[in-house]
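Student: Got a sequence here, can you model it:
(one chain, ligands or ions: 1)
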Amino acid sequence: MVEEKNVLIVDDEIEVTSFFRYLFSNKNCAVTIANSGRDTSDLIRKTTFDLALLDIKLPDANGLDLLAQIKKMQPSCEVIMMTGYSTVKSAVTAMQTGARDYLEKPFDDIDRLEFLLEAALHRNATYEENLQQMAMKFGIVYAPMSPMSNVITLAAKLAKKAINILIEGETGTGKELFSRFIHGQSMRVDYPFIGINCGAISESLLESELFGHEKGAFTGAVKPRKGFFELANNGTLFLDEIGEAPLPIQVKLLRALETGEFMRVGSEAIMKSNVRIVAATNRNLESEVEQKRFRADLLYRIEGVKLAIPPLRERPQDVAVIAKHYLNNRYGIELHASAEEILMNYSWPGNVRQLLNILNQSVVIHECKTLRAEHLPGQLFADANLIRTISSFSKEQLIEEEIQKFIKTILEYFHSTDEIDFKNFTDRIKYIESEIAKKIIEKGLVETKGNRSKVCNKLNITPRILRYILNEK
Ligand SMILES: Nc1ncnc2c1ncn2[C@@H]1O[C@H](COP(=O)(O)OP(=O)(O)OP(=O)(O)O)[C@@H](O)[C@H]1O
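Tutor: Here you go, the predicted model:
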């Protein structure tokens, strides 16, 4: 026999509580109703619930506070927030702090609502486990305990809502992959996904790409052309680098987003389109608004909700998983533990894009079967802490690489041997050699508190050579 589930409905509107009482009547559930924050706090002290549907705005309480109380006292209780359009952002915050999902009032799509409730009641765990596989289909690889797992779960849920999404993240964190994932998980999946980089082209070209143009609208417009708003109808329009869109384009985008209406360049006919906007930025748009480079009203429109992708340095566990997956899939080669350690300790300012570039570069140069620390470029070792931890073998490699780099750079100063004063040049190189030797001895003397014979032993040199290097003839 299937176990009866305890469900708590919290809302001050009687229509809402009656609706859910009816909806749960054939689901083998015991339904308890609360109309206020105080009732809710009392009830969760007495009864254990499997599922709570929680209004975000109650006369005497904030739904987010109640969510925190429920999650603290009954962590296994699934909570679904109920929200109006104006509080969708709070509902998303709730999802980031433990709510399973949110429902937007009025409840129009009953089938979807039923699906969501069933999944929450029966802990649709396989769905969440499968998410990682699904993300992988869109090229998004991450470790099971990575902070990305929360971001993906949130993205998959938000994908199904009728809201625009703003993806924030440093360059190369995977914003474009996420936009494709969101489209793929949305109800719009059977319609086009079209992406455009708002920073890569001129203002006039951007306008014509977005909204299309009529024949003769400008020199070279030999025939009419549909813009991306038309082409992406019913689908998703990905506006990459939205922060770079020039202000006049921002005005037109705002109108298109508010009304669904726009005009092709060179035409006054009003066209309509139904697109979902997923925008991406690596700038802080709030500060762009403050500096009057971005319109506040447009920001409000595009950031229905925000999805923040953490930089790679905050998820080193992903570095290893992505690197292994990439090396294996692309080249059929392994990642050695020595290289894994170096990769995981680097800060990756260019994020995943930089990681993949470094892997490509290392594999191509060394043509190895297993990628080891010594195959990685010196820039990854620049971090002083890392240098202390790497093996002496890797250090040798590193020094060798630095020397090769130095030789290359020096030689690049001369276009031809005619420019070289050979004697002078080689004398200066000898001077560098003696300076390095001197510095090493000085370092040894500091370490041994001035004990010369210890230094000679450590460096395996005679006292005479030591004096010679220190210029004590
Ligand atoms: N989690 C990931 N797993 C595997 N590959 C990834 C992941 N994230 C990003 N990549 C890869 O890194 C590269 C950069 O990703 P993407 O273009 O989506 O980043 P972005 O944030 O949109 O960059 P930009 O801000 O520069 O436009 C791509 O080659 C992408 O396939």
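Student: going forward, measure contacts and count neighbours with C-alpha atoms only.
Tutor: Will do.
Student: was I right about Gly260 contacting Ile277?
Tutor: No: the criterion here is C-alpha atoms under 8 Å, and Gly260 misses it with Ile277 at 11.3 Å.
Student: residue contacts, the residue of the stretch 351-473 of the chain found nearest the ligand?
Tutor: Of the residues in the stretch 351-473 of the chain, the one nearest the ligand is Arg353, at a distance of 3.9 Å by C-alpha to the nearest ligand atom. By C-alpha atoms under 8 Å, 6 or more residues apart in numbering, Arg353 lies in contact with Gly172, Thr173.
Student: chain center to the helix or strand hosting it, what's the gap?
Tutor: Following DSSP states H and E, the helix or strand that holds Arg353 is helix 351-366. Going by C-alpha atoms, centre = their mean, to the nearest Å, the spacing between the C-alpha centre of helix 351-366 and its chain's C-alpha centre is 19 Å.
Student: and the stretch 201-350 of the chain, which residues reach the ligand?
Tutor: The interface of the stretch 201-350 of the chain toward the ligand, taken as C-alpha under 6 Å from any ligand atom, is made up of Asn282, Ile322.
Student: For burial, what's the neighbour tally of Tyr159?
Tutor: I think there's a mix-up here, since residue 159 is Ala and not Tyr. Ala159 has 22 neighbours, counted by other C-alpha atoms under 10 Å.
Student: which other helices and strands contact the top helix by length along the chain?
Tutor: When the chain is parsed with DSSP state H, its longest helix is helix 422-447. Contacts of helix 422-447 with other secondary structure elements, assessed using 3 or more C-alpha pairs under 8 Å, 6 or more residues apart in numbering; DSSP states H and E, are made with helix 452-459, helix 463-469.
Student: Let me know the angle separating that helix from helix 452-459.
Tutor: 120 degrees (axes from the mean of the first three to the mean of the last three C-alpha atoms, to 10 degrees).
Student: what mean pLDDT does helix 422-447 have?
Tutor: When pLDDT is averaged over helix 422-447, the result is 90.
Student: Touching, Asp11 and Phe19? I think so.
Tutor: No: Asp11 sits out of contact with Phe19 when judged by C-alpha under 8 Å, with a separation of 11.1 Å.
Student: Going by secondary structure, Asp297 is in what exactly?
Tutor: For Asp297, the host element (DSSP H and E) is helix 296-302.
Student: Which positions within that helix qualify as buried?
Tutor: Buried residues in helix 296-302, counting neighbours by 16 or more other C-alpha atoms under 10 Å, are found at Leu298, Leu299, Arg301, Ile302.
Student: Isn't Ala155 up against Ile182?
Tutor: Yes: counting by C-alpha under 8 Å, Ile182 is a contact partner of Ala155 at 6.3 Å.
Student: Which one of the two is surrounded by more residues?
Tutor: The neighbour count for Ala155 versus Ile182, taken as other C-alpha under 10 Å, is higher for Ile182 (25 against 22).
Student: which residues does the more buried one contact?
Tutor: Contacts of Ile182 were listed using C-alpha under 8 Å, 6+ apart, and they are Ala155, Ala156, Leu158, Ala159.
Student: Same check on Ala135?
Tutor: For Ala135, counting by C-alpha under 8 Å, 6+ apart, the contacting residues are Val141, Ile152, Phe181.
Student: and the last one, how far is that from Arg301?
Tutor: By that I understand Phe181. 21 Å (C-alpha to C-alpha, to the nearest Å).
Student: Report the separation between Thr40 and Pro316.
Tutor: Plainly put, Thr40 is 41 Å away from Pro316 if you go by C-alpha to C-alpha.
Student: the more surrounded of those two?
Tutor: In this view Thr40 and Pro316 are compared by other C-alpha under 10 Å, and Thr40 has more residues nearby, 23 against 20.
Student: And what about the more buried one, helix, strand or coil?
Tutor: In the three-state summary, Thr40 is assigned as helix, counting by DSSP: H, G, I helix; E, B strand; the rest coil.
Student: Tell me who's in contact with the closest residue to it other than its chain neighbours.
Tutor: Spatial nearest neighbour of Thr40, chain neighbours left out: Ala34 (5.7 Å); criterion: C-alpha to C-alpha, 6 or more residues apart in numbering. For Ala34, the contacting residues are Leu8, Ile9, Val10, Asp11, Asp12, Thr40, taking C-alpha under 8 Å, 6+ apart as the criterion.
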